[in-house]
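Enquirer: Predicted model, plus sequence, below.
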Amino acid sequence: MSIESSEPGHGSSIASWTAVVIMLVAFAIGTLAFFLSIVWLVWASAVLLVVGLLVGYGLAKAGYGVDGAKTAARGH
């Protein structure tokens, strides 16, 4: 017996994972730069954080998001 769920998903897609990884790296670099008082690197990591958000949005619009045209449906 199979019951279809109407859940939108948990964000497990290429777009979401790519965005999260980029933003985690940016946050880690920014934290280290803040600790070491490297001001330009703090700002560069803030820019990288925004880039991660834009990459995730762009990939989702390109069809790599949850239920996107270029993603394979997976069952649990």
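Expert: Right, received. Where do you want to start? This one's a predicted model, so the numbers in the text were calculated from it and none came from an experiment.

Enquirer: Quick check: closest non-adjacent residue to the spatially most central residue of the chain.
Expert: Centroid-nearest residue in the chain, with CA atoms, centre = their mean: Ala19, separated by 1.8 Å. Leaving aside its chain neighbours, Ala19 sits nearest to Gly56 (2.6 Å; criterion: CB to CB, 6 or more residues apart in numbering). C-beta: built from backbone N, CA, C; applies to glycine.

Enquirer: Now that that neighbour has come up, it's in contact with Ser13, right?
Expert: No: using CB atoms under 8 Å, Gly56 is not in contact with Ser13, being 9.3 Å away.

Enquirer: Give me the nearest residue to Leu59, chain neighbours excluded.
Expert: Using CB to CB, 6+ apart, the closest residue to Leu59 is Ala15 (3.6 Å).

Enquirer: ok, Gly56 and Ser13, which is more surrounded?
Expert: The neighbour comparison of Gly56 against Ser13 (other CB atoms under 10 Å) goes to Gly56, with 24 against 21.
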